[in-house]
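> below: sequence and its predicted model.
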Amino acid sequence: MNPEDNISLQKVYTKVFQEADEIYLATAFLTEWSFNDVKLGNCKQFVAIVGTHFGLTKKKACRDLMKWLPPSLRSHIYAFPFEQQSTFHPKVLVWKKGDKYFSLIGSSNLTSAAFNKNYEINVENEIDAEDYKRIVEWFKDRSDQSQVMSQSWIESYVESTFVYRSKKGKKEPDEKVFDVRIPHGEESVKILKGRRKQMEVFKTKKTKILEMMKQNSSGELSNKKFWRTFHGLWHCRFDEPDEFRFQGNGIERTCANANWREATTAFLTIFEKHRNGNIFELDKVVAEQIDALKEKKNPARKAWLSEMLCQFFPDAYPLLDDPVKNWVKKIGWEIDRGGTEGKKYVDLATRLRSVVKENKPFVNNLAELDALMWLNENPGKDFFS
């Protein structure tokens, strides 16, 4: 694509944004977001990974991208960290429209020069479902290495003020933008040991719990009997040897009379997607199921469902408990303002995954992070009393 071409790169991107159902975008540099006047169409999934090598990506472009996206699609925008040994250098756009899949791969970054001045080459192709799936998996793997792009990330990001060149000894930008105070003392070690024991106990119970959910969802087990049986497994006090419950007794007050068939069916829908999908698809289903339960005014969608998600998928989903809510409020995170309840939960999950990543190997997952959040709220108090 040349400056004098009739079909510009910007027109291709614009058409994709207006028509695609799913979009995956990776660029080595983002210096200008040129689509502020383009209305995003019926897109249900938007994933973008932006490189930060030498600080060439611009803060304003990042802000414009985040502002352009509706709140419901901001959870999966990532910044790939600067690395000395390797460079994040892809320029790729892949998308799904109906039952067809497409890719645009070439030399163009998301820069004003690439869209307006440079001589670039980009090739658009229809691809098959397997190739699309492999590319999406690549995005998943790279997102695991990346920071969640948020307002706090943008403010902390070190933007370059000089012309591109490698300079030995140049100070690297600090990528640890989620400056979350995680206690590392003896109390923390004790709490993590206890939480890990709980998780080991849960592994011995999960098959039975899953079977109970299936029986309740199918109607074989009534709502009343499900709650009685489930609660018999789950009610253990913190000082009992087979205790695995993360939260306190608030669920008994809010959820005892919930429509459990709705709740267990929602969880099983998520569980099946976990077996057959990637994290982006799983997040989408989690948000949809939470929103569906909210529409039905089912109280189990918060404390109970978040505990089950955290127990079954501790690497991916947090509890919705007071320590988490208080922590979010204290550090001033703006969680998907204007989004649905489900999207807000997914937004929170993606951010907390980054916190875990920055604090490994001391903390390994969101279940462990939750215990440390509790300690942050209750210093000096015995977690298991």
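That came in fine, so what should we check first? Numbers count the residues shown, from 1 in each chain.

> tell me which other helices or strands the helix or strand hosting Cys310 touches.
With the criterion set as DSSP states H and E, the secondary-structure element containing Cys310 is helix 303-312. Packing contacts for helix 303-312, counted by 3 or more Cβ pairs under 8 Å, 6 or more residues apart in numbering; DSSP states H and E, involve helix 186-218, helix 250-255, helix 260-276, helix 279-295, helix 366-377. (Each C-beta comes from the backbone N, C-alpha and C, glycine too.)

> from the rest of the structure, what touches the fourth one?
Residues from elsewhere that reach helix 279-295, judged by Cβ atoms under 8 Å, 6 or more residues apart in numbering: 44-45, 47, 72, 75-76, 136, 139-140, 143, 262-263, 266-267, 269-270, 273-274, 277, 300-301, 305, 309, 316-317, 340-343, 345-346, 349-350.

> returning to what we had before: who's in contact with the helix holding Cys310?
199, 202, 206, 244-247, 250-251, 254-255, 258, 263, 266-267, 270-271, 274, 286, 289-290, 293, 316-321, 345, 366-367, 370.

> now do the helix or strand hosting Lys343 against helix 279-295, angle only.
Secondary-structure assignment from DSSP H and E places Lys343 in helix 341-359. Orientation note: helix 341-359 sits at an angle of 140 degrees relative to helix 279-295 (axes from the mean of the first three to the mean of the last three Cα atoms, to 10 degrees).

> and helix 341-359, how far out from the chain's middle?
Taking Cα atoms, centre = their mean, to the nearest Å, one finds helix 341-359 lying 5 Å from the centre of the chain it belongs to.

> tell me the buried residues in stretch 88-104?
When burial is assessed from 16 or more other Cβ atoms under 10 Å, stretch 88-104 yields the following buried residues: 88, 90-97, 101-104.

> what's the most distant pair in those residues?
For the buried residues of stretch 88-104, the maximum inter-member distance is 26.8 Å, found between Phe88 and Lys97 (Cβ to Cβ).

> how near is Lys39 to Ser156?
With distances taken as Cβ to Cβ, to the nearest Å, Lys39 is found 31 Å from Ser156.

> swap that for Leu366, sorry
Distance from Leu366 to Ser156, by Cβ to Cβ: 22 Å.

> who's more crowded, these two?
Regarding Leu366 and Ser156, a neighbour count based on other Cβ atoms under 10 Å identifies Leu366 as having more, with 24 against 16.

> neighbours of the nearest residue to that one once chain neighbours are set aside, how many?
In space, and not counting its chain neighbours, Leu366 is closest to Pro318: 4.5 Å by Cβ to Cβ, 6 or more residues apart in numbering. Counted with other Cβ under 10 Å, the neighbours of Pro318 add up to 26.

> likewise the one 5 residues further on?
Other residues lying near Pro323 total 19 when counted by other Cβ under 10 Å.

> ok, now Thr27?
Applying other Cβ under 10 Å, we find 24 other residues in the vicinity of Thr27.

> shaky segments in the stretch 151-300 of the chain?
161-181, 183, 236-241 (pLDDT under 70).

> again, only using 50
Counting by pLDDT under 50, the stretch 151-300 of the chain shows low-confidence ranges at 162-178.

> quick one: the strands in the stretch 51-200 of the chain?
Per DSSP state E, counting those that start in this stretch, the stretch 51-200 of the chain has strands spanning 77-80, 91-97, 100-106, 122-127, 147-148. These are given in chain order.

> now those as TSV including distance to Trp374 and mean pLDDT?
Rendered in TSV, the data for the strands of the stretch 51-200 of the chain read as follows (distance: least, Cβ to Cβ, whole Å; pLDDT from 0 to 100):
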stretch	distance to Trp374	mean pLDDT
strand 77-80	28	94
strand 91-97	41	97
strand 100-106	44	96
strand 122-127	47	94
strand 147-148	23	88
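
> who wins for proximity to Leu65 among those strands?
Between Leu65 and the strands of the stretch 51-200 of the chain, the shortest separation by Cβ to Cβ is 6.9 Å, and it involves strand 77-80.

> now tell me what touches that closest one from outside.
46-52, 57, 62, 65-66, 69, 88, 142-143, 145-149, 153, 157.

> adjacent strands (with direction) for it?
Using DSSP bridges, strand 77-80 pairs in its sheet with strand 45-51 (parallel), strand 147-148 (antiparallel).

> distance between it and the chain's centre?
In terms of Cα atoms, centre = their mean, the gap separating the centre of strand 77-80 from the centre of its chain is 11 Å.

> now swap in stretch 229-236 and tell me
Between the centre of stretch 229-236 and the centre of its chain there are 30 Å (Cα atoms, centre = their mean).

> buried set for that stretch?
Going by 16+ other Cβ under 10 Å, stretch 229-236 has these buried residues: 229-230, 234.

> CA atoms of it as PDB?
Taking only C-alpha atoms (Å, rounded to 0.1, in the frame of the first residue of the first chain), the coordinates of stretch 229-236 have been written out as PDB:
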ATOM      1  CA  THR A 229     -25.900 -31.100  50.500                       C
ATOM      2  CA  PHE A 230     -23.500 -28.400  49.100                       C
ATOM      3  CA  HIS A 231     -23.600 -26.500  52.400                       C
ATOM      4  CA  GLY A 232     -22.800 -29.700  54.300                       C
ATOM      5  CA  LEU A 233     -19.600 -29.900  52.400                       C
ATOM      6  CA  TRP A 234     -18.800 -26.200  52.500                       C
ATOM      7  CA  HIS A 235     -19.900 -25.000  55.900                       C
ATOM      8  CA  CYS A 236     -16.700 -26.100  57.800                       C
END
